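Peer 1: Please find the sequence and the predicted model below.
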Amino acid sequence: MKTWTLAWAALVVLGSALPIAAAEAQTNVRVRGTITAVAGDTLAVKSRDGRDLKLEMPADVAVAVAKAVRFEDIKVGDYLGATTSPGPDGALVALELHYLAPTVPEGHIPWDLRPNSMMTNARVGAVQSTGKREVMLQYKDGAQRVVVPADAPIVRAVPGTRADLVVGEYVFIGAQAAPDGTLRAPRIQVGKDGVKPPQ
């Protein structure tokens, strides 16, 4: 099943007809916020920091819908992204977990969801569900033990359509910012039925 998650943090424009200089001038930015309007190919979003943004959607915009997953459904070998914050005992504490597409690079990098948060993309090496819920995430250059609180969202992105872009829903967008400030949204992850997109 195709998912649209952390891949948005490192967007690559394939088959673009833009000149190389113009493509290099674009900046990848993460947009988090609530849809305030949808008008044709324009999506209006109130960002989490209070800005009113307008994003252009291409005709082939990819829309993905957030769907909740139970911790008990996680198994060894699953490819997950974990947004975490530092825990008191050296372990990382999950702010959320989300399933990743196999094309998303693995690793452990700083993230901007909250101050001092990290993003770990890795295969599940072990799952502990008795007592404290934990997953061991293993990637090429290391491993991280992640404690998963009961209130940490666990989400899978499933294919959606433009009809899922509803006013009032929360979105996570890996947008492309042009030098003139224009924002373009080739991929959009949107909440549904009370489940917000992670990241």
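Peer 2: The structure has been received and is ready for your questions. Just so it is clear, the model here is predicted, and its values are computed rather than measured.
Peer 1: top strand in this structure by residue count?
Peer 2: In the chain, with assignment by DSSP state E, the single longest strand is strand 27-39.
Peer 1: burial count for Ala157?
Peer 2: 25 (other C-beta atoms under 10 Å). C-beta coordinates here come from the backbone N, C-alpha and C atoms, glycine included.
Peer 1: my guess is it meets Val63, correct?
Peer 2: No - judged on C-beta atoms under 8 Å, Ala157 makes no contact with Val63 at a distance of 9.8 Å.
Peer 1: list residues touching both of these two?
Peer 2: Each of Gln189 lies in contact with both Ala157 and Val63 under the rule C-beta atoms under 8 Å, 6 or more residues apart in numbering.
Peer 1: hang on, the earlier thing: contacts for the longest strand of the chain, please.
Peer 2: Contacts for strand 27-39 (C-beta under 8 Å, 6+ apart): 8-11, 43-48, 51-53, 55, 112, 162, 165-177, 183, 185, 190, 199.
Peer 1: Now that strand: buried residues?
Peer 2: Across strand 27-39, burial judged by 16 or more other C-beta atoms under 10 Å covers Val31, Arg32, Gly33, Ile35, Val38.
Peer 1: Skip ahead from that strand and say which helix or strand is next.
Peer 2: Next along the chain after strand 27-39, taking DSSP states H and E as the criterion, comes strand 42-47.
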